[in-house]
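Student: Task: produce atomic coordinates for the following.
(chains A and B)
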Amino acid sequence: EAQVTQNPRYLITVTGKKLTVTCSQNMNHEYMSWYRQDPGLGLRQIYYSMNVEVTDKGDVPEGYKVSRKEKRNFPLILESPSPNQTSLYFCASRGDRATQYFGPGTRLTVL
Amino acid sequence: AQSVTQPDIHITVSEGASLELRCNYSYGATPYLFWYVQSPGQGLQLLLKYFSGDTLVQGIKGFEAEFKRSQSSFNLRKPSVHWSDAAEYFCAVGARSGYSTLTFGKGTMLLVSP
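Tutor: Reported below is the predicted structural model:
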């Protein structure tokens, strides 16, 4: 089944403790991205990657890092999380004609 | 800059009644158009998309949308709403060239009353 998977689905952590949210897709898509979703603000793109070893900032990149060492994986890294990064995070991969396929989401709480 | 407007933050519809969710966009040229649905605690699922051709497109779960170029709109419709349709609906647009991301509206929350 074609899908985007994310782990973990839920995470509670404390300020400053580094964390990684994994994302994997099995559709052989080149373009992948990360979004955060906050009430009243909708979906905002954090980072995107057009291919292996090619990444670029989206609309809200501060406090996040990404890497793209393999086509299928695109982890999101928070090296020193802060409470304002409490949010719902989605990974997505882009298929034909701009169609995005989303993962199930990761709900992150930073205390 | 491109933008997507969903003017209704919340809509309440009685079960069995018809539904129309509005979406207007601002874009340099006709973009690709999408509707996604997000059920509580779930990710975003693609409902339907418009690329070209027939301006009335059919999607999953009995939804359809109509592209109106003159109004820069892509409204989502369903003739008879079911309680399971209660969710948040997002309209999105994407460029026909290059690798730009989708631009999303802020979403419309659909509530279904018995």
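
Student: Return the list of helices and strands in contact with the helix or strand containing B:Thr12.
Tutor: Using DSSP states H and E, B:Thr12 sits within strand B:10-14. With contacts defined as 3 or more Cβ pairs under 8 Å, 6 or more residues apart in numbering or on different chains; DSSP states H and E, strand B:10-14 has these neighbours: strand B:19-21, strand B:108-113. All C-beta spots, glycine's among them, are computed from the backbone N, C-alpha and C.

Student: What strands flank the first one, and is each parallel or antiparallel?
Tutor: Strand partners for strand B:19-21, identified by DSSP bridges, are recorded as strand B:73-78 (antiparallel).

Student: Check the longest one too.
Tutor: For strand B:108-113, sheet partners with direction are given as strand B:10-14 (parallel), strand B:87-94 (antiparallel), following DSSP bridges.

Student: List the neighbouring strands of the next helix or strand after the last one plus their orientation.
Tutor: Spelled out, that is strand B:87-94. Note on strand B:87-94: by DSSP H and E, the next helix or strand toward the C-terminus is strand B:103-104. Strand pairing for strand B:103-104, using DSSP bridges, gives strand B:87-94 (antiparallel).

Student: could the strands paired with strand B:108-113 go into CSV alongside mean pLDDT and mean neighbour count?
Tutor: Formatted as CSV, the strands paired with strand B:108-113 follow (pLDDT from 0 to 100; neighbours: other Cβ atoms under 10 Å in any protein chain shown):
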stretch, mean pLDDT, mean neighbour count
strand B:10-14, 96, 13
strand B:87-94, 94, 24
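
Student: Nothing else from me, thank you.
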